[in-house]
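Chemist: sequence and predicted structure below; questions after.
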Amino acid sequence: MRIRHSISSNIIFRIIIILVLSAVILVTAYLGISYLGHEEEIAYAGQTLTDYDELKAITIDGVKYLPDPDVYTVLLGGVDKFGDAVESGSYKNDEQIDFISLIAYNTEENTCKILVVNRDTMTDVPVLGLGGRSAGTLYEQIALSHTYGTGLKDSAENTVNAVESLLGGITIDNYAIMKMDAIPILNDMVGGVTVTLTDDMTVIDPTFTEDTTVTLMGDQALKFVRQRWYVSDNSNLARIGRQELYINGFYHNLKASSTGNNSFLANAFGAIDDYLVTNCDYVKIGEFQNYIQSYPEAQVYSLSGETKQGSDDYIEFYPDKASLNQLTVDLFYEVAEEQ
């Protein structure tokens, strides 16, 4: 009797399992059919496509704007350290992002615009805690965004997130963040950069006299864009002025060097590979070079605002909100069709 009872129980148990599995299959099939009929509503992070667009929308002076789908963006950054790009061994490192520029190619208007972001800009910086998990934000210099993470991809993406947040929530398509060692290499690959010095910089190079026109080669380029102390008013605003000047010359020479040489940018990325963290693959690098070759010379912009002495002798830059909004709209957004 016990054996019969056991067999009977097993049969009932199997029937129940079959019924449950059948129900699961039916529900899954039904949901699959539903999604096939509503592909346009597939969610982005829990939001439908329409909701996702709304999530990215900003409103300024009663006018609604959405991210311009014709704008392709690349963040270029320089870390204030030398040496190979390697993991720090923890989720916090001693590197800061010293130079931040965001290139915006508008494929509809056929324009190239470059925004230089002051490293001292005060903003909400994402913080990474144990295991690299999000731990909220801190209101601090955007340069510190790179210190969270191992110094590689996670730190680069944290900087990208900080810049995206600063600019109203735009989406940055690609990034390339490099150590200081890369600047002389790239500079010389484009044949150097010619600038006219607006300040006396002989304290860092005896040839850097005021009003002199110099073709920067090798470490001279690094000195020109990096030096902050003992030059002009010692502020990052003065340095950004030099960086804007350098970017104009560098981009012009980059355009000339890459024209007729379709592998130039790939070779440049390869030359600095040890010092570089990027999410650009060779296909994207090729597209990037096409933009450089076919678009007009770049227009360079920077944020206006106020510099203040912060705690612990740190300099803090507070961007003018109206100016920041206007630049954000002009470079990355378009007016929403329905107001």
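Modeler: Cool, the structure landed.
Chemist: contacts and neighbour counts: CA atoms only from here.
Modeler: Noted.
Chemist: I'd like the distance from stretch 82-98 to the chain centre, please.
Modeler: Taking the mean of its C-alpha atoms, stretch 82-98 sits 17 Å from the chain's own mean (C-alpha atoms, centre = their mean, to the nearest Å).
Chemist: tell me the span between the first and last residue of that stretch.
Modeler: End-to-end distance for stretch 82-98: 12 Å, by C-alpha to C-alpha, to the nearest Å.
Chemist: what mean pLDDT would you report for that stretch?
Modeler: Taken as a whole, stretch 82-98 carries a mean pLDDT of 91.
Chemist: before we move on, what about stretch 161-168?
Modeler: In this model, stretch 161-168 has a mean pLDDT of 95.
Chemist: buried set for it?
Modeler: For stretch 161-168, burial by neighbour count (16 or more other C-alpha atoms under 10 Å) applies to 161-163, 165-168.
Chemist: with stretch 211-221 instead?
Modeler: Residues of stretch 211-221 classed as buried by neighbour count (16+ other C-alpha under 10 Å): 214, 216-218, 220-221.
Chemist: which one of these is nearest to Q326?
Modeler: When these are compared for distance to Q326 (C-alpha to C-alpha), A221 wins out at 31.7 Å.
Chemist: about what we covered before: taking the buried residues of stretch 211-221, tell me the two that lie furthest apart.
Modeler: The farthest-apart pair in the buried residues of stretch 211-221, when distances are taken by C-alpha to C-alpha, is V214 and G218, at 12.5 Å.
Chemist: the chain: helices as residue ranges?
Modeler: All helices of the chain, identified by DSSP state H, fall at 2-36, 49-56, 153-166, 182-189, 219-226, 236-258, 264-271, 282-294, 321-332.
Chemist: okay, the buried residues of stretch 161-168 in CSV with distance to E287 next?
Modeler: Compiled in CSV, these are given as follows (distance: C-alpha to C-alpha, whole Å):
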residue, distance to E287
N161, 23
A162, 25
V163, 23
S165, 26
L166, 26
L167, 24
G168, 26
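Chemist: out of those residues, who's nearest T259?
Modeler: Nearest to T259, judged by C-alpha to C-alpha, of these is V163 at 30.5 Å.
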